[in-house]
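Undergrad: this is a predicted model, with the sequence first.
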Amino acid sequence: MNEFLSIAVGTITMRPYVFAFFIAYLCAAVPHLGWKKIGIFTVLGYAIAFASEYSSINNGFPYGWYYYIDTTRDRELWIAGVPFFDSLSYVFLTYCSYTTALFIVSPLRGWRGGVITLETRAIRRSFAVLFLGALLQVFLDIIIDPVALQGSRWFLGQIYGYRTAGVHYGVPLSNYLGWFGVSFLLVLALQIIDRRVQRDVERPAGVREIPFRALMGPFLYLSVLIFNLTVTILIGERQMALTGIFTFFLPMAIVVTLALRRINRYSKEELAEHLRDFPFSPVGRTQR
């Protein structure tokens, strides 16, 4: 029992940044989709991520052949050769990518100094959000994986490696193809859960009157990005960091520029559809 408690505590204390991101995910996701949906997605998302990693280290699919180095097995939780925190990371990476896609696709309304996405059920479950969400998650991994591969040079530790060094700072392209497939499944799972769970008693998006609630997911996305770029710079990998910055600069500039132009430029039909799907939205109070 004492050994289990020690490992459970070590799982958190060794990876505080992962659990900080996970708590931020819960703070953003629960007001958005509700406890039940997020609880189901957290469990199912973890299971999908774990299955993909277990398959890859044993069969080479979907990410290609890689291996974990279990030097911390006696200090943190591992499950069947996969560190617990690693599969858990997929859950909040999926949610922040999904909500960033929602922010890109949805009409926007200014509210109390912040922004509300006038999302609808159709937008939430659209292919556009599915495709963009999966792609956004892959782009995060383009930043995360190269620096994680250098874990021996920072507090992550050297926990994994590839059997054959890849062309992108040691990461093979098969890894990113695998990430797109798994990310696609994860965002799709979130969309299906959103469609099927609590359809009659749903507390909809926007019900919590938090001015920047709609930006919490995208802020989490940026936080993960900035954290990994910062670590990349601190370990002296300037070229790797610059590549990551250049990779994101143009897409981010486009998203921000278009978002600023789109605020409060929605149609009456778009607002009406949002309020029809989510009648408790704080936007509705300003219409009365």
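TA: Thanks, I have the structure now.
Undergrad: which residues touch the most centrally placed residue in the chain?
TA: Nearest to the mean C-alpha position of the chain, by CA atoms, centre = their mean, lies Leu93 at 1.8 Å. Neighbour list for Leu93: Gln137, Leu140, Asp141, Val224 [criterion: CB atoms under 8 Å, 6 or more residues apart in numbering]. Bear in mind the C-beta positions are built from the backbone N, C-alpha and C, glycine included.
Undergrad: apply 7 Å and report the result again.
TA: Leu93 makes contact with Gln137, Leu140, Val224 under the criterion CB atoms under 7 Å, 6 or more residues apart in numbering.
Undergrad: any chance of JSON lines for these, columns distance to Phe61 and neighbour count?
TA: As requested, these are exported to JSON lines (distance: CB to CB, whole Å; neighbours: other CB atoms under 10 Å):
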{"residue": "Gln137", "distance to Phe61": "18", "neighbour count": "26"}
{"residue": "Leu140", "distance to Phe61": "21", "neighbour count": "22"}
{"residue": "Val224", "distance to Phe61": "26", "neighbour count": "21"}
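Undergrad: and these, which of them are in strands?
TA: Members of the contacts of Leu93 lying in strands (criterion: DSSP state E): none.
Undergrad: how about a markdown table for these, with distance to Ala80 and pLDDT added?
TA: Shown next, in a markdown table, are those (distance: CB to CB, whole Å; pLDDT from 0 to 100):
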| residue | distance to Ala80 | pLDDT |
| --- | --- | --- |
| Gln137 | 23 | 98 |
| Leu140 | 25 | 98 |
| Val224 | 26 | 98 |
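Undergrad: can I get these in JSON lines including distance to Val255?
TA: Shown next, in JSON lines, are the contacts of Leu93 (distance: CB to CB, whole Å):
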{"residue": "Gln137", "distance to Val255": "15"}
{"residue": "Leu140", "distance to Val255": "14"}
{"residue": "Val224", "distance to Val255": "16"}
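Undergrad: out of these, who's nearest Leu271?
TA: The closest of the contacts of Leu93 to Leu271 turns out to be Gln137 (CB to CB; 29.8 Å).
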